[in-house]
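J.: return a 3D structure for these sequence lines:
(chains A and B)
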Amino acid sequence: MQVLDALLQVLQPDLLLLVFAGTAAGIFAGAIPGISGGMTLALALPLTFHMSGVEATVLIVSLYVGVVTGGFITAIVLNIPGTVNSIATAYDGFPMARRGEAGRALGLGMAASFTGCVVSWIFLVLLAPPLARIALAFDHFDYFAMVIMALVFISTLSEGSMIKAMIAGLLGMLLALPGIDPVSARLRLDFGIPEMASGFQMLPVLISLFGISQILSDTVGIDQKTERLRFSDSILPKLQTLRRQAGNALRSSVIGTWIGILPGIGGAIGSFVSYSVARNLSKEPERFGTGIDDGIVASEAANNATVGGALVPLITLGIPGSIGDVILLAALIMHGVTPGPMLFQNNPEIAWGVIGTMLVASFAILAIMLVAIPWIARVVNVSKVYIIPAVFVLSIAGAFAINNSMFDVWVMLGAGLLGFAMLVGGLPLGPFALGFILAPLAETSLRAGLMASQGSFLPLIERPTTLLFLGAALLTFCWPFWRNYQMRRAALLRGGTS
Amino acid sequence: MTQRASIWRDLALVMVLTVLSAVVFVATADLPVPRWEPIGPAALPRAIAVLLLLLSSLLLVRRLLGLGGAVAEREALGYVPRYGRAAALVAVMAAGAAAMNLGWLSYRPMAFLAVVLGGLIVCGFDRRHLLSLALMGLVLALGIHFLLTSVLITRLP
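T.: Modelled structure (predicted):
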């Protein structure tokens, strides 16, 4: 019944307009190489200042779903994924487009994205309310352990070195600490600067992390050659093709949903895992990568399904499952809403608003894509020469408008330089953002738990839930080392026998 | 990026992290000892500093043992990295923010100039883009100002 109410709420004209505006903007932004999903969502945050919590939620969720979907357009036609989620889509999408079947590839991607969204929405509806009820029994130590688990998960699965990913997460946590200590109310790490008393605001840091650092990175690589997007055939997939791909789409959607539920693991991993499962189960695995339907469907269904999956831990536990969720969490906090197990009780309109928007946005995307793909094709050819300065002036306006303070603009520029230095230094931005957002929760949970236990750390290993989370974190941390050891041992044994 | 450059990059990272950890220890030295709670406001910053030192030591050891650090040869990808242009863009951003901070320029002229100058820097001062950049600068400066001040009722300088 609540699901029906949620859908009716989102179908009201003003919210429906926001859904269409958000998904359309998300598709366009996701389709433009160089505008990342995180950047789009961060730049949209200032637009929600004067919206209600529900309106802000509807806009950000719609944008989020749109960005993930839009990324596959350039992956297919230009071999340049608009977002990292669509890298695996390019493996088969681009060869198919080069054969002159770009329309067919886009149609398959569109249908698979829709399936992924709807399947993950069903899981969201079924899992979120009961999980929230279970989470009500969590105590401070459980929350602390959960944050540690999320940070270890995202660090282990980030691109590149795990050590660097963990360093990035810790740096994010460190950046969240200056200002008034939440427990003792004492100033710390303010270096005598009055503006530092309130710490670094989320918005300028997030805008710069995903906006400014990205445009600097794009400027460095401005001479990279890009082709112009063009296609001419129909985008509507045939019924026979859809029937043949139904099993693949459903399986990939379920894989994507479950991968999305794990904190910190994004759509990129979901699409890669699903793509390799589809290849391993195929009767013709050698055809993967040459432009076949199965590859596009597996990747696109999975990466869209991760969106719904990632929303499960966000609205039930307050733990973001992806970069998009980090921004959504920031938007909710800005509107005085705290995601977590109490969300369904304290702000049911927000919790169900997220759920309702997810489904309505899926239909909106289908409608927009059917009509607008030829137009999007023109827009995605916009040169970075125009995108880069536009992102800059938007970022300045957004950062200033938070508190009418130039200090936030300087914070934004500083954090942008930090983000760029991190990109050059091989430190991933995802763990940094997660650390920055979750550090206050980790600290207050641990300190409140220690006060309740009169200084004893024993509950960390005595409580089953805490032990489960910390155990999962430890196993995830140790797994790459164990795998490397096994691989080296196997190589040595092979060398010894040959 | 070559293997050698990658090693220097990691060494620089280790040095920066070491200095940062030292700064955290110094900055939290005068925080009071907790009286009514088991750990005080200095505990988490110090724990993070220690972990950063540990992880950077691990990174250093792995580098010295010749492990990790496989990097893409960016120069072999067919383009030259334009670090100079990125630095110039940062200078334009900082100059724009400073001009607003000092009250020399309000948001609209700053945004217009930033779009034109920033765009020209990115394209290597290709004059063919000048007119379109000026037009875009005008639209963005007026459009963003209108959206934020008249529609969303926030303030801009």
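J.: got the domain boundaries for chain B?
T.: B:1-81, B:82-157 (automatic domain parsing).
J.: export those domains as TSV, with columns for mean neighbour count, mean pLDDT and distance to chain A.
T.: For glycine as for every other residue, the C-beta is placed from the backbone atoms N, C-alpha and C. Below are the domains of chain B laid out as TSV (neighbours: other C-beta atoms under 10 Å in any protein chain shown; pLDDT from 0 to 100; distance: least, C-beta to the nearest C-beta, whole Å):
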stretch	mean neighbour count	mean pLDDT	distance to chain A
domain B:1-81	15	82	4
domain B:82-157	17	88	4
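J.: which residue does the stretch 201-350 of chain A have closest to chain B?
T.: Per C-beta to the nearest C-beta, residue A:223 is where the stretch 201-350 of chain A lies closest to chain B, at 4.0 Å.
J.: pLDDT value on that residue, please?
T.: pLDDT for residue A:223: 71.
J.: which residue sits closest to residue A:472, ignoring its sequence neighbours?
T.: residue A:149 (5.5 Å; C-beta to C-beta, 6 or more residues apart in numbering or on different chains).
J.: oh sorry, the question was meant for residue A:19
T.: residue A:62 (4.7 Å).
J.: next, find the distance separating the one you found from residue A:190.
T.: 38 Å (C-beta to C-beta, to the nearest Å).
J.: show residues contacting the longest helix along chain B.
T.: Longest among the helix segments of chain B by residue count, using DSSP state H, is helix B:3-27. Residues from elsewhere that reach helix B:3-27 (C-beta atoms under 8 Å, 6 or more residues apart in numbering or on different chains): A:164, A:167, A:174, A:188-189, A:191, A:424-427, B:1, B:45-46, B:48-50, B:52-53, B:55-57, B:59-60, B:63, B:69, B:71.
J.: ok so, going back, mind listing what the residue nearest to residue A:472 touches?
T.: Residue A:149 neighbours (C-beta under 8 Å, 6+ apart): A:263, A:469, A:470, A:472, A:473, A:476.
J.: show me the two of these that sit farthest apart.
T.: Comparing all pairs in those by C-beta to C-beta, the longest separation belongs to A:263 and A:470, at 13.9 Å.
J.: ok, residue 140 - contacts?
T.: In the absence of a named chain, chain A is used. Contacts of residue A:140 (C-beta under 8 Å, 6+ apart): A:445, A:446, A:448, A:449, A:452.
J.: the chain in question should be chain B.
T.: A:390, A:393, A:394, B:111, B:112, B:115 are the contacts of residue B:140 under C-beta under 8 Å, 6+ apart.
J.: from chain B, how far out is the second one?
T.: Right, residue A:393. Relative to chain B, residue A:393 is positioned 4 Å away (criterion: C-beta to the nearest C-beta, to the nearest Å).
J.: just the element for that residue, please.
T.: helix A:384-403 (DSSP states H and E).
J.: packing partners for the next helix or strand after that helix?
T.: Using DSSP H and E, the helix or strand that follows helix A:384-403 in sequence is helix A:406-424. Under the contact criterion of 3 or more C-beta pairs under 8 Å, 6 or more residues apart in numbering or on different chains; DSSP states H and E, helix A:406-424 touches helix A:162-175, helix A:202-207, helix A:213-220, helix A:384-403, helix A:429-452, helix B:83-101.
J.: pLDDT (mean, whole number) over helix A:406-424?
T.: According to the model, helix A:406-424 has a mean pLDDT of 88.
J.: would you indicate which residues of stretch A:434-447 are buried?
T.: A:434-447 (16 or more other C-beta atoms under 10 Å in any protein chain shown).
J.: out of those residues, which is nearest to residue A:44?
T.: residue A:437 (16.9 Å).
J.: now for the closest one: which residues touch it?
T.: Here residue A:437 is in contact with A:172, A:176, A:202, A:320, A:326, A:329, A:330 (criterion: C-beta under 8 Å, 6+ apart).
J.: separation between the nearest residue to residue A:124 once chain neighbours are set aside and residue A:325?
T.: Using C-beta to C-beta, 6+ apart and skipping the chain neighbours, the partner closest in space to residue A:124 is residue A:308 (4.6 Å). To residue A:325, residue A:308 is 11 Å away according to C-beta to C-beta.
J.: the more surrounded of the two?
T.: Neighbour totals were compared for residue A:308 and residue A:325, and residue A:308 leads with 32 against 29 (other C-beta atoms under 10 Å in any protein chain shown).
J.: now the contacts of residue B:140 in a markdown table, with distance to residue B:35?
T.: Shown next, in a markdown table, are these (distance: C-beta to C-beta, whole Å):
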| residue | distance to residue B:35 |
| --- | --- |
| A:390 | 53 |
| A:393 | 50 |
| A:394 | 47 |
| B:111 | 51 |
| B:112 | 56 |
| B:115 | 55 |
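J.: need the max-distance pair from those.
T.: A:394 and B:112, at 13.7 Å, using C-beta to C-beta across those.
J.: residue B:105 should be in a helix, yeah?
T.: No. Using DSSP: H, G, I helix; E, B strand; the rest coil, the secondary structure at residue B:105 is coil, not a helix.
J.: state the distance from it to residue B:119.
T.: Residue B:105 is 18 Å from residue B:119, by C-beta to C-beta.
J.: still on that earlier bit, tell me which of residue A:62 and residue A:190 has more neighbours.
T.: Set residue A:62 next to residue A:190 and count neighbours by other C-beta under 10 Å: residue A:62 wins out with 28 against 16.
J.: other SSEs contacting the strand or helix carrying that one?
T.: Here residue A:62 is covered by helix A:53-77, with elements defined by DSSP H and E. Packed against helix A:53-77 by the contact rule (3+ C-beta pairs under 8 Å, 6+ apart) you find helix A:13-31, helix A:37-44, helix A:87-96, helix A:102-135, helix A:293-317, helix A:323-334, helix A:348-379.
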